[in-house]
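*Asks:* okay, predicted coordinates and the sequence, questions at the end:
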Amino acid sequence: MTSDAAFHPTAALDETVHQRVRLGVLAVLSEVAECAFTVLRDELALTDGNLSRHVRMLEEAGMVAVRKGYEGRRPCTWLRLTSRGSAALRTELAALEAILKRHGRGTA
């Protein structure tokens, strides 16, 4: 195999994005301009520590931006998808769609 087109679609899956929680974070953030950490935690049914670990990895990869501040007197953390994160999610979804098409379950 010498061209990218010859590779199996799974070769396009990104190890950073493909993990279930990180894919969930990117998917949820793609639906909103910004999301509070606690809302994302509840939406994905995670613990604070588990979500924090995955958000840190995505932040280090430049896929998620983190903003800390206050909501009233309470500390709050907000997350948003970066352009790199949006592109990574699109690439991941395209790879998943290619896998589905290979198995006769492509999208219309």
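*Replies:* That came in fine, so what should we check first? Numbers count the residues shown, from 1 in each chain.
*Asks:* how is the closest residue to residue 38 other than its chain neighbours assigned, secondary-structure-wise?
*Replies:* Of all residues not flanking residue 38 in the chain, residue 76 sits nearest, at 7.8 Å (Cβ to Cβ, 6 or more residues apart in numbering). Quick note: C-beta positions are derived from backbone N, CA and C, even for glycine. Three-state call for residue 76 (DSSP: H, G, I helix; E, B strand; the rest coil): strand.
*Asks:* so residue 76 sits against residue 69, correct?
*Replies:* Yes: between residue 76 and residue 69 there is a contact at 6.0 Å, judged by Cβ atoms under 8 Å.
*Asks:* who has more neighbours out of those two?
*Replies:* residue 76 (13 against 9; other Cβ atoms under 10 Å).
*Asks:* in this protein, which residue is closest to the centre?
*Replies:* Centroid-nearest residue in the chain: residue 26, 2.3 Å away (criterion: Cα atoms, centre = their mean).
*Asks:* what mean pLDDT does the one helix or strand that residue maps to have?
*Replies:* According to DSSP states H and E, residue 26 maps onto helix 20-29. Computed over helix 20-29, the mean pLDDT rounds to 98.
*Asks:* pLDDT of the following helix or strand past that helix, averaged?
*Replies:* Remark: after helix 20-29, the chain's next helix or strand is strand 35-36, criterion DSSP H and E. In this model, strand 35-36 has an average pLDDT of 98.
*Asks:* which helices and strands does strand 35-36 pack with?
*Replies:* strand 74-81 (3 or more Cβ pairs under 8 Å, 6 or more residues apart in numbering; DSSP states H and E).
*Asks:* now find how far off-centre the strand it packs on is within its chain.
*Replies:* Strand 74-81 sits 16 Å away from the centroid of its parent chain (Cα atoms, centre = their mean, to the nearest Å).
*Asks:* how about the helix or strand that comes right after that strand: buried residues?
*Replies:* Downstream of strand 74-81, the next assigned helix or strand under DSSP H and E is helix 83-102. Within helix 83-102, the residues scored as buried using 16 or more other Cβ atoms under 10 Å are 85, 88-89, 92-93, 95-96, 99.
*Asks:* cool, thanks, talk later.
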